[in-house]
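Colleague: Just a sequence and a predicted model for now, questions to come.
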Amino acid sequence: MAYNVKKFFLELWRFKGSLVMVLTPLLLLPLPLVINTSEAKCAYVMILMAVYWITEVIPIAITSLLPMVLLPLMGVMESEDLAKNYMKDTQMLFVGGLIVAVAIEKSNLHRRIALGVLLLVGSKPQWLMLGFMLPTWFLSMWISNTATTAMMIPVVEAVLQQLTETRKLKQKKISGETPLTGPSPRNSDVSLNGVPAIYSVREDKDASLKYDVTDLNGDTHSSSFPTKESLDVEDQVFKQVDLKDKGEFEVREASQKGDISGYVPVSKADKEFIQLCKGMSLCVCYSANVGGMSTITGTGPNLIMKGQVDLVFQKHGLESSGVNFTTWMLFGLPIACICLILAWIWLQIVYYGPRKFLSCFSKDKNPDETAAVKRVIRAEYEKLGKMKFREVVTLAHFVMLALLWLTREPEFIPGWAAAFTKGYVTDATPALFIAILLFLMPIEWPEFLCCRTCSKTEKGKSKPVDPLMDWYTVQHKLPWSVILLLGGGYALADASGESGLSKWISQQLVGLSNLNPVVMVLVICISVALFTEITSNSAVTTLLMPILADVAEAVDVNPLYLMFPAAISASFAFMLPVATPPNAIVFSYGRVKVIDMAKAGIGMNILCVLVVTLAVQTWGMAFFNLDKIPWETNPTNVTTAASINM
């Protein structure tokens with residue numbers, strides 16, 4: 001009987017997504033049917049979307065379309081008014097910035113930048129980690145965190161593989177053994193009863209894992225491992241296998257198919273090397289997450305926050321919240337710099353130890369390893385060849401866009417936007433201007449008139465040159481779902497105001513005014529950082545920003561005081577592979593386990609939350625007057641919330 005009950009619930013659990021999808025709207029029906037007010041109907045849609053966003057039972061982008069269907073049917077808002085929220089200025093800024101980012105990826109400029117930085121920083125493990133982190137951090141300011149990580153991780157793997165081979169050769173020289181040739185990433189040499197050998201792992205038809213051990217005498221020994229299913233190992237990672245008299249080895253990874261990537265002898269030196277590999281892998285995803293908070297286009301939550309806070313200030317009759325590319329960098333870039341340095345130090349302490357970290361300033365004790373690593377990086381860089389025309393043009397457009405953003409409205413001096421009608425030019429304008437130019441510029445030097453190169457054309461005839469950017473690439477690489485997510489959030493916020501739900505929430509939260517503001521910021525940062533570990537950071541931000549705006553009004557504080565740190569904290573996804581795509585990419589390479597990521601991530605979360613809380617109370621308060629409410633300070637003259645004191 002107990003077995004049947006257990007089996008029933010196990011079967012039920014397999015359909016948990018379908019159950020959530022069907023039961024959630026049914027259980028929430030008392031809100032629109034029994035209470036039957038505009039506030040209750042809007043709350044029904046908000047809670048339903050929150051559950052769907054968190055559980056992802058349907059794609060996040062599709063959930064974002066629910067306001068367009070449910071709110072008009074319930075009589076909360078007209079469809080025409082809701083539709084305007086799905087293509088606002090913020091979405092246009094996102095599109096323009098992302099097209100430039102896609103162009104950088106297409107031209108391979110990001111890889112040249114990354115390898116160039118690695119050549120500059122040196123090849124000692126401690127500095128090598130910083131070398132991986134700096135370009136990842138910088139590139140993630142401008143292009144997708146996911147794309148940056150996907151580009152950097154193969155470089156990290158190539159370096160770690162070279163370190164592995166160098167260590168093997170060094171060990172064999174010491175022991176006087178003949179080195180084995182043709183090593184494979186899937187095969188690691190070990191010793192069998194004192195005789196060097198190679199484990200080759202395969203999967204037989206009976207689904208059991210087989211391994212053949214061939215020693216230097218030419219003898220082959222066969223045996224098998226238990227399958228993943230029989231061991232029931234969490235996260236498809238075998239932690240350790242005792243091979244009895246054959247010695248003890250640590251198994252680095254087992255994929256879902258059961259193939260095991262390698263066996264590393266568990267000695268002190270090898271344990272240190274395994275720790276080195278873990279630190280090198282994690283530094284990439286951590287620096288990508290940190291870099292995204294530096295600029296307003298760096299990651300989705302930043303743009304979501306800008307859009308929501310603009311709505312709040314416009315509701316109070318102000319032209320803009322003052323949150324633009326320049327003002328965001330004034331707040332976010334120092335936080336990102338501090339968090340990057342802390343991440344570098346923290347990973348060194350966790351995986352190398354304090355003593356090894358301090359040794360980065362001493363003389364190199366392993367010149368062979370560092371020289372080998374430098375050769376690998378140099379070889380990868382030389383594969384790129386000379387800087388191509390497309391890279392030069394893309395770099396020029398990228399620099400031009402950054403300068404246009406920074407100088408549009410720097411607040412402390414008049415920007416170039418002052419030459420045009422006030423309020424008409426936003427950050428989306430230069431972003432789309434540069435994006436359009438990319439479709440006009442040629443991908444290579446045009447072969448026309450004086451620029452004609454006879455050797456490259458048939459009979460010296462000129463031919464048309466493809467543009468630097470094409471729509472096919474944009475269509476396939478631009479994350480269109482984020483545009484719908486932004487629109488869904490704005491539609492929900494708009495409906496909350498129209499229905500009176502925002503006012504009702506504000507009235508319920510008046511009691512929070514008794515809390516110390518610093519404590520409030522700390523609690524918000526911790527909550528967002530934990531919440532974003534289990535669900536999309538964009539979904540979390542879209543859900544929380546309107547609520548935080550209501551909280552700010554209820555407790556009589558500047559909305560930026562709560563919304564800025566919450567948006568930054570949405571990037572603190574360090575603990576779990578599912579928290580963010582960069583984490584998942586690093587985890588998929590098998591060098592880190594869930595426990596490794598959690599161990600390093602919890603420290604990162606604590607450090608970064610403290611940094612953001614400090615930032616709000618110091619330079620955030622000084623630059624943006626966060627201790628004042630803009631529409632109450634001087635309602636007749638104030639046009640921006642972020643009036644900078646300089």
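Modeller: Thanks, I have it.
Colleague: Residue 293 looks like it's in a strand, true?
Modeller: No: counting by DSSP: H, G, I helix; E, B strand; the rest coil, one finds residue 293 to be coil, located in no strand.
Colleague: tell me the contacts of it?
Modeller: For residue 293, the contacting residues are 299, 302, 332, 335-336, 339, 568, 571, by Cβ atoms under 8 Å, 6 or more residues apart in numbering. Quick note: C-beta positions are derived from backbone N, CA and C, even for glycine.
Colleague: Mind doing that once more with 6 Å?
Modeller: Counting by Cβ atoms under 6 Å, 6 or more residues apart in numbering, residue 293 touches 332, 336, 568, 571.
Colleague: One more: residue 54?
Modeller: Applying Cβ under 6 Å, 6+ apart, one finds that residue 54 lies in contact with residue 535.
Colleague: Look up phi and psi at it.
Modeller: Summarising the backbone geometry of residue 54 under the convention degrees, to the nearest 10, its torsions are phi -70, psi -40.
Colleague: and if you look at residue 626?
Modeller: Geometry field for residue 626 lists phi and psi as phi -70, psi -10, criterion degrees, to the nearest 10.
Colleague: From residue 552, how far out is it?
Modeller: Here residue 626 is placed at a distance of 10 Å from residue 552 (Cβ to Cβ, to the nearest Å).
Colleague: likewise residue 143?
Modeller: Residue 143 is 32 Å from residue 552, where distance means Cβ to Cβ.
Colleague: what's the neighbour count on residue 535?
Modeller: Here the number of neighbours of residue 535 (other Cβ atoms under 10 Å) works out to 19.
Colleague: try residue 83
Modeller: Other residues lying near residue 83 total 14 when counted by other Cβ under 10 Å.
Colleague: most surrounded residue in the contacts of residue 293?
Modeller: residue 571 (33 neighbours).
Colleague: Give me the phi and psi for that residue.
Modeller: Torsion angles, degrees, to the nearest 10, at residue 571: phi -90, psi 0.
Colleague: okay but it is in contact with residue 292, surely?
Modeller: Yes: counting by Cβ atoms under 6 Å, residue 571 sits close enough to residue 292 to count as a contact (5.4 Å).
Colleague: Under the pLDDT cut-off, which ranges of this structure? List them.
Modeller: With pLDDT under 70 as the threshold, the chain has low-confidence stretches at 1-3, 122-123, 166-269, 356-366, 368-369, 411-412, 447-462, 510, 633-646.
Colleague: Strands along that one, start to end?
Modeller: In the chain, the strands defined using DSSP state E lie at 189-192, 195-203, 209-215, 220-225, 241-242, 248-251, 263-265.
Colleague: So what's the residue count around the nearest residue to residue 21 once chain neighbours are set aside?
Modeller: Leaving aside its chain neighbours, residue 21 sits nearest to residue 57 (4.4 Å; criterion: Cβ to Cβ, 6 or more residues apart in numbering). Close neighbours of residue 57, defined as other Cβ under 10 Å, add up to 17.
Colleague: what's the overlap in contacts for residue 571 and residue 292?
Modeller: Common contact partners of residue 571 and residue 292 (Cβ under 6 Å, 6+ apart): residue 299.
Colleague: Show me what stretch 488-504 is in contact with.
Modeller: Applying Cβ under 6 Å, 6+ apart, the set of residues contacting stretch 488-504 from outside is 38-39, 42-43, 46, 64, 67, 71, 76-77, 82, 85, 304, 307, 311, 542, 546, 550.
Colleague: one step back: so which of the contacts of residue 293 are in helices?
Modeller: 332, 336, 568 (DSSP state H).
Colleague: Would you quantify the distance from residue 302 to residue 132?
Modeller: Counting by Cβ to Cβ, the gap from residue 302 to residue 132 is 24 Å.
Colleague: Wait, residue 55 touches residue 19, no?
Modeller: No: taking Cβ under 6 Å as the definition, residue 55 is not a contact partner of residue 19, at 10.1 Å.
Colleague: If you count surrounding residues, which of the two has more?
Modeller: The residue with more neighbours, out of residue 55 and residue 19, is residue 55; 16 against 13, by other Cβ under 10 Å.
Colleague: count of neighbours near the closest residue to that one other than its chain neighbours?
Modeller: Nearest-residue entry for residue 55: residue 20, 5.1 Å, with adjacent residues in sequence omitted and distances by Cβ to Cβ, 6+ apart. Residue 20 sits with 16 neighbouring residues when counted by other Cβ under 10 Å.
Colleague: And residue 507, by the same measure?
Modeller: Residue 507 is surrounded by 10 other residues when neighbours are defined as other Cβ under 10 Å.
Colleague: what's the answer for residue 490, then?
Modeller: 28.
Colleague: Please apply the same query to residue 463.
Modeller: For residue 463, the count of nearby residues is 11 (other Cβ under 10 Å).
Colleague: for stretch 579-591, which positions count as buried?
Modeller: Taking 16 or more other Cβ atoms under 10 Å as the basis for neighbour counts, the residues of stretch 579-591 that come out buried are 579-583, 585-587, 589-591.
Colleague: CA-only coordinates of that stretch in CSV, if you can.
Modeller: Written as CSV, here are the backbone C-alpha positions of stretch 579-591 (Å, rounded to 0.1, in the frame of the first residue of the first chain):
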residue,chain,number,x,y,z
ALA,A,579,20.6,30.7,-11.5
THR,A,580,21.9,32.2,-14.8
PRO,A,581,23.1,30.9,-18.2
PRO,A,582,26.8,31.7,-17.6
ASN,A,583,26.7,29.5,-14.5
ALA,A,584,25.1,26.7,-16.5
ILE,A,585,27.7,26.9,-19.3
VAL,A,586,30.6,26.6,-16.8
PHE,A,587,28.9,23.8,-15.0
SER,A,588,28.4,21.9,-18.2
TYR,A,589,32.1,21.5,-18.7
GLY,A,590,32.2,19.2,-15.7
ARG,A,591,35.1,20.8,-13.7
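Colleague: Mind listing residues that contact it?
Modeller: Contact partners of stretch 579-591, identified using Cβ under 6 Å, 6+ apart, comprise 145-146, 149-150, 153, 252-253, 261, 277-278, 281, 285, 288, 533, 573, 577.
Colleague: Report the buried members of those.
Modeller: Using 16+ other Cβ under 10 Å as the burial test, these include 145-146, 149-150, 153, 252-253, 261, 277-278, 281, 285, 288, 533, 573, 577 as buried.
Colleague: What ranges does the stretch 51-200 of the chain have for its helices?
Modeller: For the stretch 51-200 of the chain, helices defined by DSSP state H, counting those that start in this stretch occupy the ranges 60-63, 66-74, 79-83, 89-107, 109-121, 125-139, 145-175.
Colleague: Please work out which of the ones you listed is packed deepest.
Modeller: Among the helices of the stretch 51-200 of the chain, judged by mean count of other Cβ atoms under 10 Å, the one packed with the most neighbours on average is helix 125-139 (a mean of 24).
Colleague: roughly how far is it from the heart of the chain?
Modeller: Relative to the mean C-alpha coordinate of its chain, helix 125-139 is positioned 16 Å out (Cα atoms, centre = their mean, to the nearest Å).
Colleague: Next: stretch 593-610.
Modeller: Using Cα atoms, centre = their mean, we find the averaged C-alpha position of stretch 593-610 to lie 15 Å away from the chain's own average C-alpha position.
Colleague: Just the C-alphas of that stretch, formatted as PDB.
Modeller: Only the C-alpha atoms of stretch 593-610 are listed here, as PDB (Å, rounded to 0.1, in the frame of the first residue of the first chain):
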ATOM      1  CA  LYS A 593      30.100  20.500  -9.000                       C
ATOM      2  CA  VAL A 594      27.000  22.100  -7.500                       C
ATOM      3  CA  ILE A 595      28.600  22.100  -4.000                       C
ATOM      4  CA  ASP A 596      31.700  23.900  -5.400                       C
ATOM      5  CA  MET A 597      29.600  26.600  -6.900                       C
ATOM      6  CA  ALA A 598      27.500  27.000  -3.800                       C
ATOM      7  CA  LYS A 599      30.500  27.100  -1.500                       C
ATOM      8  CA  ALA A 600      32.100  30.000  -3.500                       C
ATOM      9  CA  GLY A 601      28.800  31.600  -4.300                       C
ATOM     10  CA  ILE A 602      27.500  32.100  -0.800                       C
ATOM     11  CA  GLY A 603      30.600  34.200   0.000                       C
ATOM     12  CA  MET A 604      30.200  36.100  -3.200                       C
ATOM     13  CA  ASN A 605      26.600  36.900  -2.400                       C
ATOM     14  CA  ILE A 606      27.400  38.200   1.100                       C
ATOM     15  CA  LEU A 607      30.300  40.300  -0.100                       C
ATOM     16  CA  CYS A 608      28.300  41.800  -3.100                       C
ATOM     17  CA  VAL A 609      25.200  42.600  -1.000                       C
ATOM     18  CA  LEU A 610      27.400  44.400   1.500                       C
END
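Colleague: Sounds good, over and out.
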